[in-house]
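[1] After the sequence you'll find the predicted model.
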Amino acid sequence: MESAAAIPAESAPQVQWDHTAAAAHVLQDLNLRARTGLVAQALQDDIGSVPGAGYPTAAGSFRATLAVQRPEANLPILGSPYRDPSEYVRRSVANHLNDLARHAPSAVVATAREWFSAADSNTGRVVRHGLRTLVKKGHPGALALLAVDYLIHYRKANGSQSAKVFKASTLTLAPGEGRSLSKRHAFRQMTTRVHHPGLHALELQVNGAVDRHAEFVLVGA
């Protein structure tokens, strides 16, 4: 957050960015909408304080620096809302990620990889939509990340399910080409995960999109 707050000072030093600096310190506990509103208002207050011709100069130089020269500074802001329960928020995150990928593809792929390490059942769709431009361009990092995964929807003690993503394989297929894959998955009890008997689900995920869904019953766990 502090790196993002430093951008206005670098791009438009003639402005006193007091409101923006103060806002940067309280963004961590806010959702995407609240963050966007707070930062927008802070920027408006700071830029609006510049008299006369200084206003468009300050606003233009800040936008250019933020969007093109330092796009990676936006990425920490998206660190929590990619798992937001709102589809609207998740789609906004994906669109913003796609915009940033045009200017900082390596940083965006690295961020998507971090998200997959703490993924939920929606993360694949968010990442796939956010990397769509890189995939179209054949970016090797994006193509490698959007491989074949599978999700286990584990039964919890209260009867609900919680999904976890596992890597299956990374491969490139020509149009019309097929490939058979197999994977063994252990359901032994662990200190980090307690297995509960009952209905579970398995999903195959290809390039970030769920392709197949099957249910199974775990017994004797």
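    Nice, thanks for sending it over.
[2] the strands in this protein, which residues?
    For the chain, the strands defined by DSSP state E occupy 148-155, 161-169, 198-206, 209-218.
[3] And the first one, how far out from the chain middle?
    It stands for strand 148-155. Relative to the chain's own centre, strand 148-155 is displaced by 19 Å; criterion: CA atoms, centre = their mean, to the nearest Å.
[4] List the strands paired with that strand, with their directions.
    Paired neighbours of strand 148-155 in the sheet (DSSP bridges): strand 161-169 (antiparallel), strand 198-206 (antiparallel).
[5] repeat for the longest one
    For strand 209-218, the paired strands and their directions (DSSP bridges) read strand 198-206 (antiparallel).
[6] What mean pLDDT does the strand it pairs with get?
    Computed over strand 198-206, the mean pLDDT rounds to 90.
[7] repeat for stretch 25-38
    Stretch 25-38 carries an average pLDDT of 71.
[8] what's next to that stretch, contact-wise?
    Outside stretch 25-38, the residues that touch it by CB atoms under 8 Å, 6 or more residues apart in numbering are 1, 23, 39, 77-78, 80-81, 84, 89, 92-93. Backbone N, C-alpha and C define where each C-beta goes, glycine included.
[9] Same list (those) but as TSV, adding distance to residue 196 and neighbour count.
    Shown next, in TSV, are the contacts of stretch 25-38 (distance: CB to CB, whole Å; neighbours: other CB atoms under 10 Å):
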residue	distance to residue 196	neighbour count
1	39	16
23	44	24
39	43	19
77	36	20
78	33	21
80	28	16
81	30	21
84	27	18
89	30	17
92	35	17
93	32	24
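[10] ok, the residues you listed vs residue 198, which is closest?
    Distances from residue 198 to the contacts of stretch 25-38, taken as CB to CB, are shortest for residue 84 (28.4 Å).
[11] Give me the nearest residue to the closest one, chain neighbours excluded.
    Nearest non-adjacent residue to residue 84, counting by CB to CB, 6 or more residues apart in numbering: residue 90, 5.7 Å away.
[12] what about that neighbour, how many neighbours?
    Neighbourhood size, residue 90 [other CB atoms under 10 Å]: 21.
[13] now it: how far from residue 27?
    Distance from residue 90 to residue 27, counting by CB to CB, to the nearest Å: 18 Å.
[14] cool, and residue 211?
    According to CB to CB, residue 211 and residue 27 sit 36 Å apart.
[15] neighbour-wise, which of the two wins?
    Using other CB under 10 Å, the more surrounded residue of residue 211 and residue 27 is residue 27, with 18 against 11.
[16] still on that earlier bit, of the strands paired with strand 148-155, which stretch is the most buried?
    Comparing the strands paired with strand 148-155 by mean neighbour count (mean count of other CB atoms under 10 Å), strand 198-206 comes out on top with a mean of 17.
[17] circling back to that earlier point, need the strands of the chain in a markdown table (columns: distance to residue 103).
    Output for the strands of the chain, formatted as a markdown table (distance: least, CB to CB, whole Å):
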| stretch | distance to residue 103 |
| --- | --- |
| strand 148-155 | 27 |
| strand 161-169 | 28 |
| strand 198-206 | 28 |
| strand 209-218 | 25 |
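[18] rank those strands by pLDDT, which is bottom?
    Among the strands of the chain, strand 161-169 has the lowest mean pLDDT, at a mean of 83.
[19] With only the CA atoms kept, save that strand in CSV.
    The C-alpha coordinates for strand 161-169 follow below in CSV (Å, rounded to 0.1, in the frame of the first residue of the first chain):
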residue,chain,number,x,y,z
GLN,A,161,-18.4,-28.4,1.4
SER,A,162,-15.1,-26.5,1.0
ALA,A,163,-13.2,-26.7,-2.3
LYS,A,164,-9.4,-27.0,-2.6
VAL,A,165,-7.5,-26.8,-5.9
PHE,A,166,-4.8,-29.4,-6.8
LYS,A,167,-2.4,-29.4,-9.8
ALA,A,168,-2.8,-32.3,-12.2
SER,A,169,-0.7,-31.6,-15.2
